[in-house]
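> fold the stuff below for me.
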Amino acid sequence: MALLTANDLSILLVEPSAMQLKLIMRHLNEEGVHKIDGASSGKEALELISKYPPDLVITAMYLPDMTANELIETVLHEHPQLNVSYMLISSEKGHAALEPVRQAGVIAILPKPFDHKDLQRAIRATLDIIDPEEIALESYDVSELSLLVVDDSLTSRNHIMRIFSTMGIQHIDDAENGRLALDKINQNHYDLIVTDLNMPEMDGHELVQYIRNDMGNEAIPIMILTTENNEARLGQVEQAGVSAILNKPFEPNTIREMLFRLLDS
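Residues are numbered from 1 along each chain as shown. Just a heads-up that it's a prediction; the model follows:
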């Protein structure tokens, strides 16, 4: 388990409503978080992040001057060296609106009003990212594992690779679609493939089909991380021979448990 506690976390809370800001701060205080800065706009948040980088940014979806996704993308562009985690608290339910935020690698999306237990889980996930526990497998030396991450979103790829690297996996390649992934698979050996589902050129479903059928490789574990919620489409992917399907956003501990199941079973 993580050695850090909630009291060690520094959080930036970005919320236009003063009432909501106080309410969320109170919930965070109840969880033992006390290092909290507040901002009411994206511009103010960016200034604070530049001066005092937090461990976690908790933001509303719609700010006076930008959206949550624009805030995240700006931080990633202007401060690529920062390892900041993000959480969204929003009443927004539209899949199209939430999709870019999910792809950006947020650790949690909480509704308004949110369940206190969901906030607890998100805080634990943040601690797991900044103070990770290296995974110990019986069948593999984790430092020797070779992983391929496939996703058309650079932001999402970087987030996924960061999560796996904190677990001790050092050999990680990436590709932005299934077609480019196949080039790497034909040239290298991988112990695990982690892929998005919806991508241009060749999507995750087609990639799984090619690996299982055209290449005849039934052994390599393939994990899909996706925001897809169409049950029929997900069923087709399962039939194609995927080893596991996880929803974005995902918690590091969920990935850890899945690695045990796929690689130590």
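> got any ranges where the protein has weak pLDDT?
1-2, 265 (pLDDT under 70).
> could you rerun that using 50?
The model of the chain has pLDDT under 50 over residues 1-2.
> residue boundaries of the helices in it?
Counting by DSSP state H, the chain has helices at residues 18-30, 42-51, 68-78, 95-103, 116-130, 154-166, 178-187, 204-209, 231-240, 252-263.
> so which of the ones you listed gets nearest Val194?
When the helices of the chain are compared by C-beta to C-beta, helix 154-166 sits nearest Val194, at 6.3 Å. Glycine gets a C-beta too; all of them are placed from N, C-alpha and C.
> which of the residues in the closest one are buried?
155-164, 166 (16 or more other C-beta atoms under 10 Å).
> off-centre distance for it?
7 Å (C-alpha atoms, centre = their mean, to the nearest Å).
> what do you get for stretch 119-126?
Distance, centroid of stretch 119-126 to centroid of chain: 13 Å (C-alpha atoms, centre = their mean).
> buried ones in it, by neighbour count?
Within stretch 119-126, the residues that qualify as buried are 119, 122-126, counting by 16+ other C-beta under 10 Å.
> with stretch 182-190 instead?
182, 185, 190.
> mind saving the C-alpha coords of that stretch as PDB?
Only the C-alpha atoms of stretch 182-190 are listed here, as PDB (Å, rounded to 0.1, in the frame of the first residue of the first chain):
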ATOM      1  CA  LEU A 182       1.200  -4.400 -36.100                       C
ATOM      2  CA  ASP A 183       4.500  -3.100 -37.500                       C
ATOM      3  CA  LYS A 184       5.900  -3.100 -33.900                       C
ATOM      4  CA  ILE A 185       4.400  -6.500 -33.100                       C
ATOM      5  CA  ASN A 186       6.000  -8.000 -36.200                       C
ATOM      6  CA  GLN A 187       9.400  -6.600 -35.200                       C
ATOM      7  CA  ASN A 188       9.300  -7.100 -31.400                       C
ATOM      8  CA  HIS A 189       8.200  -9.500 -28.700                       C
ATOM      9  CA  TYR A 190       5.600  -8.300 -26.200                       C
END
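> hmm, who's touching that stretch?
146-148, 173, 175, 193, 202, 207, 210-211, 215, 220 (C-beta atoms under 8 Å, 6 or more residues apart in numbering).
> go on, stretch 148-164?
Residues from elsewhere that reach stretch 148-164 (C-beta under 8 Å, 6+ apart): 72-73, 76, 83, 103-105, 129, 147, 172-178, 180-181, 184-185, 188, 190, 192-196, 199-200, 204, 207, 225, 248, 252, 255.
> contacting residues for the residue minimising distance to the centre of the chain?
Nearest to the mean C-alpha position of the chain, counting by C-alpha atoms, centre = their mean, stands Gly105 at 3.7 Å. When the contact criterion is C-beta under 8 Å, 6+ apart, the partners of Gly105 are 86, 155-156, 158-160, 249.
> how about Ile107?
56, 85-87, 122, 125-126, 129, 249, 251.
> next: Phe260.
Residues in contact with Phe260 (C-beta under 8 Å, 6+ apart) are 135, 137.
> check the gap between it and Ser85 for me.
For Phe260, the distance to Ser85 (C-beta to C-beta, to the nearest Å) stands at 23 Å.
> please apply the same query to Ala181.
According to C-beta to C-beta, Ala181 and Ser85 sit 27 Å apart.
> please apply the same query to Leu48.
Remark: distance between Leu48 and Ser85 (C-beta to C-beta) = 15 Å.
> so the two - more neighbours on which side?
Neighbours were counted for Leu48 and for Ser85 using other C-beta atoms under 10 Å; Ser85 has more, 24 against 17.
> that one contacts Thr126, correct?
Yes - using C-beta atoms under 8 Å, Ser85 is in contact with Thr126, at 5.1 Å.
> any shared contact partners between those two?
Each of 55-56, 107 lies in contact with both Ser85 and Thr126 under the rule C-beta under 8 Å, 6+ apart.
> please give me every residue in contact with Ala175.
Residues counted as contacts of Ala175 (C-beta under 8 Å, 6+ apart) are 148-150, 181, 183-184.
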